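Participant: Got a sequence here, can you model it:
(2 chains)
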Amino acid sequence: MKEKLEAIKEKALEQIKNSQQLESLNEVRISILGKKGELTSVLKSMKEVAPEDRPKVGQMVNEVRAEIEKLLEEKKVAFEKKLREEKMKAETIDVTLPAKKPMVGHRHPNTIALEEIERIFIGMGYEVVEGPEVEYDYYNFEALNIPANHPAKDEQDTFYINKDIVLRTQTSSTQVHELEKGRLPIRMIAPGRVYRSDEVDATHSPTFHQVEGLVVDKNITFADLKGTLQEFAKEVFGEDTKVKFRPHHFPFTEPSAEMDVSCFKCGGKGCRFCKGEGWIEILGCGMVHPHVLEMSGIDPNEYVGFAFGVGLERIALLKYEIDDMRLLYENDTRFLKQF
Amino acid sequence: MNTPLSWIKAYVPDLECSTQEYVDAMTLSGTKVEGYEVLDKNLEKIVVGKINKIEKHPDADKLIVCQVQIDEAGEEVQIVTGASNVKEGDKVPVVLDGGRVAGSAHDNEPHPDGIKIKKGKLRGVPSFGMMCSIDELGSSVDMYPDAAPDGIYILSDNADYKDAPIGSSVPELLGLHDTVVEYEVTSNRVDCFGILGIAREAAATFGKAFVPPVVTVTENNEQTKDYISVEVEDTELCSRYIGKVVKNIKLAPSPEWMKRRLAAVGIRPINNIVDITNYVMTEYSQPMHAYDLDTIAGKKIVVKRAQKDEKFTTLDGEERTLDDTMLTICDGEKAIGIAGIMGGENTMITDQVKTMLFEAACFDGTNIRLTGKKLGMRTDAQAKFEKGLDPNTAMEAMNRACQLITELGAGEVVGGYVDIYPNVREPKRVAYDVDRINRLLGTDIDEDTMVGYFEKIDLPVDREKKEIIVPTWRQDINVLADVAEEVARFYGYANIPTTLPSSSATKGGLSKKLEVENVVRNVAEQFGFCEAMTYSFESPKVFDRLCIDEADPCRKVVKISNPLGEDFSVMRTLPLHGMLTSLSTNFNRRNKNVRLYEIANVYIPNEDESKLPDERTQLTLGMFGEGDFFDLKGVVEEVLEATGIKDMKTYDPNAGKNFLHPGRQANVLVGDTVVAYLGEVHPEVAENYNMKTKAYVAVIDMPTVMQLANFTVKYTGIAKYPAVSRDISMVMKKEILVGEVEEIIRKKGGKLLEEYRLFDIYEGDQIEKGYKSVAYSISFRAADHTLEEQEITAVMDKILKGLEEKGIELRK
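Facilitator: Numbers count the residues shown, from 1 in each chain, chains lettered A, B, ... in the order given. This next block holds a predicted model:
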């Protein structure tokens, strides 16, 4: 009996070893372990074995069976692995083929610049508000200390709707709306479109965007104005940016200043980008003129403030080194998709 | 405003600094320098030479060979030239071998880097330099009237230059060794439109003494008032009028020093009288005028408004039509000048002048500006008056002019003045409160330092009362803040500390409107739309391009009264023109699959034109290429959903938009409110915009979105019981909209209805003509139990009955 079992085992091992594919393994399983298989028939012939030997023989049969099954399983796993590898090999793709990109839109460079400005000032506690583009002359000029027939009205080349209504030439008009609300203290920025009668060329557009800033509180100083705008410049143009404040004149601020930033291309040494100056003019600012506060019903002896106005296009053009303002209004997608 | 540095240094004699130092310091103290030009930047090795001998060129008829002495010791060089205006003994500018000139005689403009001059041979004869014309020296005959227009500048023909040492520097001799600085003077600093104002700023900036010209007038014993009387009818428009007579006029060219200073600021020298008025205007920013006294009728001057439609010929020979807002200078009979702008042809100084009237007056700046605008004139005098001048400067200027008359020997100054000055402008006092100034600036500057700043800029101080006695020429100092600016600019803006506001905390953030706009931006971009920006104003012809009805209310627009041209003359009431123009730009540049969006306003006029228009923000979506009506519809729905408008959207095909395809347009409604419209661009409109493609647009009214928007999200439970679905296939008339079918399903489906989905729509062979087959999958679910068969049957029956009533049948 023992020899018989050994023979079956040897035969099975031989057959498994020689199997070339998954199917022939199955045949081996059926011919040895199947219902009519050789090992099964050994079990069937158990009754011919002496009763006292039966447990021993049974154990031997089981051992042989276990060994064959183990080998069958190993061989099967090996076959399956091989098959999978072959399949995957056939499935190899050219990963350098072009990507299938979803169509994704892009924000306008002006908006990106604006969002950056908004983020900076919201972080400092500023509200973002808006005012009308078609505006009363009063808000655009008079309440900003630019009385009727003031030469500044001509300087700004105003578009008029009628004698009392203009297309606002500056977002400064929103200052007056905010002041009139009388909710103090004020920390606001006001982005929006403004209009000036300039012919279209590489550096001019009859409509462009500004962001106005206004802070009114007790104990606001020119030093605060400097500090705030320096933070702003560093955030927008980089930590190494230096700022320079030059005296200037605006009717609605006093003292007034223009702020230059060190050229971020050459670091201030002077290059073509900054026309050799090393500095680039960025914005106008100043301490809110006491008349402006007074006209809007705020006591200039109690409250002081500062204001500034930034050209959004100017920031966008500088930041992205765009050399022609007209590109911003053409809306060619090859341009817009770069931002 | 331009000034040569030499003229500034004449009044700030101790000023010693490089040009760059000057430019930087002036800018930081408030007199912004726009740029500067070094006049002799391209002039090298140019000396006074004397032509000792001229011979004919052996091989060229048009050339001569000159032996030119180039130093006092007698060294000569040989120069070959084609110039025909030189003779032996002439002194001329000579550029030596290796030198440089600014331009060539044949070009109108100087070369940016000049032209290098090297020795060479002309037709075989060696030449070791070049004799120069005024153009080659970088200037022009306009500025050097005695230079030959087409030849060498003969220095020895000029009385001021004929004794110049041979070998000395020509740029120095001709006043070209100088730098002209250009400033951006702000409108509040009227005093800085004159050399003296800038010089005062320079002196204060560098802490040097300001030494203005000492003016003394030498006059005869006669009295001006015996020659002329003056009457000012309109003292509002003419706050001061000073007249003074000069007799025995000797017209002649001015001396070179005066010509050179005028030339450096860009004023062409004419003759001594004209040059003196220009010189004084440049120094004091006070325009002056000279009349030929013998042409003034009635020995009197009347300053009054013109008659309506009065004709007047100005000294440039142009006839002007005046009106009664304009101020004129008249004699006993007629107008002889437009006040502050230009004198008349009838009284102008000519070569025959014997006696003249000098005028220094102060006219109202606004009136001058408006008059100039109306007449289309822009003179130097007008530009000064427009700023609003100080009447007290007029007398200083008059005296300075008379001093120069005497100095130049141009005439005999008659004694006394006629001076009409009813309301004398007095200096005003403005308090300086040291503490408040420091509090405004965030500084800690002591009183002595502040007073030091005031005094160095010629602001007298009353320390007892702590007041500045502001001279009348400083019209910009009125309140404490103005004083603070004086302190700040001399303390140095750079020296003021840098702090952040320390006061009350405020809550920052976007307004709700701007937040919603950002949500909308994100959705549009998620679906491939790029943000566009277009102009808010457009041509009224746009409505024709968009095929808008003549009677359509959107043709009522806000008009710009002074537009840049018709193309930018009305505020848009529809956002489509900008979008279609941008799509067209992309289409014609062969960009594929273009999707654009814009968030911008339209401007709906108010019935009452004295009120502001309604500015309505619109989200406009436009696309061509991949995608159709239903893709765009999907984006519109996503936009509305992202803004929290969860309510049912319905679509009304009768949107009535002429610019859209009549069968492919819809209003989008939430309840009864139209929130948007969309459609395919009408083929005719597409053609008008030069687009040979189907394009789609959608316009969403953001104020309506804002009203409906709701960002509160409440969780609803996930269903525990299974859904049951039924498919139905229907046949109906083609005209019936699936929207109507859906409305029936919704209404009849009741609360068990969970969802319905169109899965097939078919017209064709198996269906009767004029009919279509539509198939829906409808699913039902109850929140609290598993649905029984009879419940579903009951609902389905209701739905089918509803459909039947509409004439919709189940497909057999």
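Participant: use CA for all of it now, contacts and neighbours both
Facilitator: Noted.
Participant: Would you map out the domains in the chain?
Facilitator: Since you didn't name a chain, this refers to chain A. Domain assignment of chain A by automatic domain parsing yields the ranges A:2-90, A:109-336.
Participant: wrong one, chain B
Facilitator: Taken from automatic domain parsing, chain B resolves into B:2-39+B:179-206, B:44-173, B:224-420, B:428-495, B:512-708, B:724-810.
Participant: what about the fifth one, start to end distance?
Facilitator: Across domain B:512-708, the straight-line distance between its terminal residues is 13 Å, by C-alpha to C-alpha, to the nearest Å.
Participant: just the second one next, same as before
Facilitator: Distance between the two ends of domain B:44-173: 14 Å, counting by C-alpha to C-alpha.
Participant: same thing with the third one?
Facilitator: The stretch domain B:224-420 measures 13 Å between its terminal residues, going by C-alpha to C-alpha.
Participant: How about the shortest one?
Facilitator: Terminal residues of domain B:2-39+B:179-206 are spaced 19 Å apart (C-alpha to C-alpha).
Participant: same question, stretch A:185-204
Facilitator: 36 Å.
Participant: which stretches of the stretch 151-300 of chain B have low pLDDT?
Facilitator: By pLDDT under 70, the stretch 151-300 of chain B has no low-scoring segment.
Participant: interface residues of it facing chain A?
Facilitator: Counting by C-alpha under 8 Å from any C-alpha of the partner chain, the positions of the stretch 151-300 of chain B adjacent to chain A are B:186, B:187, B:188.
Participant: Is it correct that the first one is in contact with residue A:251?
Facilitator: The one in question is residue B:186. No: in this structure residue B:186 lies outside contact range of residue A:251 using C-alpha atoms under 8 Å: 10.4 Å.
Participant: need the contact list for the residue lying closest to residue B:41 once chain neighbours are set aside.
Facilitator: Nearest non-adjacent residue to residue B:41, counting by C-alpha to C-alpha, 6 or more residues apart in numbering or on different chains: residue B:102, 8.0 Å away. Contacts for residue B:102 (C-alpha atoms under 8 Å, 6 or more residues apart in numbering or on different chains) come out as B:40-43, B:110-115, B:135-138.
Participant: quick revisit: go through the domains of chain B and name the closest to residue A:332.
Facilitator: Taking C-alpha to C-alpha, domain B:512-708 is the member of the domains of chain B nearest to residue A:332, at 5.6 Å.
Participant: For stretch A:113-124, give the mean pLDDT please.
Facilitator: Across stretch A:113-124, the average pLDDT comes to 95.
Participant: which residues touch it?
Facilitator: Residues outside stretch A:113-124 that contact it (C-alpha under 8 Å, 6+ apart) are A:127-128, A:189, A:191, A:211, A:232, A:235-236, A:312, A:315-316, B:508-510.
Participant: do stretch B:257-268 as well
Facilitator: B:2-4, B:7, B:142-144, B:174-175, B:180, B:269, B:275, B:278-279.
Participant: Pick the one among the residues of the stretch 151-300 of chain B next to chain A closest to chain A.
Facilitator: Of all those, chain A sits closest to residue B:186, with 6.0 Å by C-alpha to the nearest C-alpha.
Participant: where's the residue nearest to residue B:599 when sequence neighbours are not counted relative to residue B:675, distance?
Facilitator: Spatial nearest neighbour of residue B:599, chain neighbours left out: residue B:619 (4.6 Å); criterion: C-alpha to C-alpha, 6+ apart. Plainly put, residue B:619 is 11 Å away from residue B:675 if you go by C-alpha to C-alpha.
Participant: list residues touching both of these two?
Facilitator: Taking C-alpha under 8 Å, 6+ apart as the contact rule, residue B:619 and residue B:675 both touch B:700, B:701, B:702.
Participant: element containing residue B:121?
Facilitator: Using DSSP states H and E, residue B:121 falls within strand B:120-122.
Participant: what pairs with that strand, and is each one parallel or antiparallel?
Facilitator: Here strand B:120-122 has these sheet partners by DSSP bridges: strand B:125-127 (antiparallel).
Participant: What strands line up against the helix or strand that the partner strand is followed by, and which way round?
Facilitator: Counting by DSSP H and E, the next helix or strand C-terminal to strand B:125-127 is strand B:129-131. When pairing is defined by DSSP bridges, strand B:129-131 lines up against strand B:91-101 (antiparallel).
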